[in-house]
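Trainee: fold the following for me, if possible:
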Amino acid sequence: MPPLEAYALHMTLDFMALVFFYSAIAKFLLMNSFKTNLLMLPGINTALAAGIAWIIPLCEIVLAIMLFLNNPWGKILSICLLVIFSLVAAVAVRSGRRIPCGCFGGDSEVLSVRTILRNMILVGILGFTFLLHHRTLWYSSVFSTVVLLLLCATMWSVIDNERAIRSLKSEGLL
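Mentor: Below is the predicted model of the structure:
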């Protein structure tokens, strides 16, 4: 495989690992919001929501590591998880409920056809990474790691500021 193609595949794999890692960290940081969103889904009770709220981000972290290592099972399981997320979004759309996505920790986007399409694009990207048989370009991951750390630091700062603003508003200071 030519070096440029290998590099593109490595970066694609690293990108997908970052997507799953970012999503997991966002869910952990906004756990209460994520649980509330889960409770809005049909058939989900408090105990189930509490369990799912922990299991999903833990799975996403494990999958991010597996993707980073170019593990074929990590790719297959990541595709399965995205398909499950799409099915949940389809149930929400079909039920007519406006349920916040919580995909990356926020409540601004509701589960919709757009969510399903985005997940299918990610499935396609993961399918593309099956062309990479062995991980040979470890240096390309240095860039991804730096980006990951910057994203996490930025996200932490934004979430911390949002919490501070909510606190000030609830106290009547804003």
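
Trainee: my guess is Ile79 is in a helix, correct?
Mentor: Yes: under DSSP: H, G, I helix; E, B strand; the rest coil, Ile79 sits within a helix.

Trainee: any idea how far it is from Arg118?
Mentor: 14 Å (C-beta to C-beta, to the nearest Å). Just so you know, the C-beta spots here come from the backbone N, C-alpha and C atoms, and that holds for glycine as well.

Trainee: what's the answer for Thr154, then?
Mentor: For Thr154 relative to Arg118 (C-beta to C-beta), the value is 21 Å.

Trainee: likewise for Glu60?
Mentor: 15 Å.

Trainee: higher neighbour count, the two?
Mentor: Glu60 (22 against 18; other C-beta atoms under 10 Å).

Trainee: I figured that one hits Lys27, correct?
Mentor: Yes: using C-beta atoms under 8 Å, Glu60 is in contact with Lys27, at 7.4 Å.

Trainee: what's the residue positioned nearest the centre of the chain in contact with, if anything?
Mentor: Centroid-nearest residue in the chain, with C-alpha atoms, centre = their mean: Ser23, separated by 2.9 Å. Ser23 sits next to 57, 60, 103-105 when contact means C-beta atoms under 8 Å, 6 or more residues apart in numbering.

Trainee: where do the helices of the chain begin and end?
Mentor: Residue ranges of the helices in the chain, as given by DSSP state H, are 3-29, 31-39, 46-68, 72-95, 113-128, 140-170.

Trainee: which residues touch the nearest residue to Ser112 once chain neighbours are set aside?
Mentor: Leaving out its chain neighbours, the residue that sits closest to Ser112 by C-beta to C-beta, 6 or more residues apart in numbering is Val93, at 6.1 Å. By C-beta under 8 Å, 6+ apart, the residues touching Val93 are 111-113, 116.
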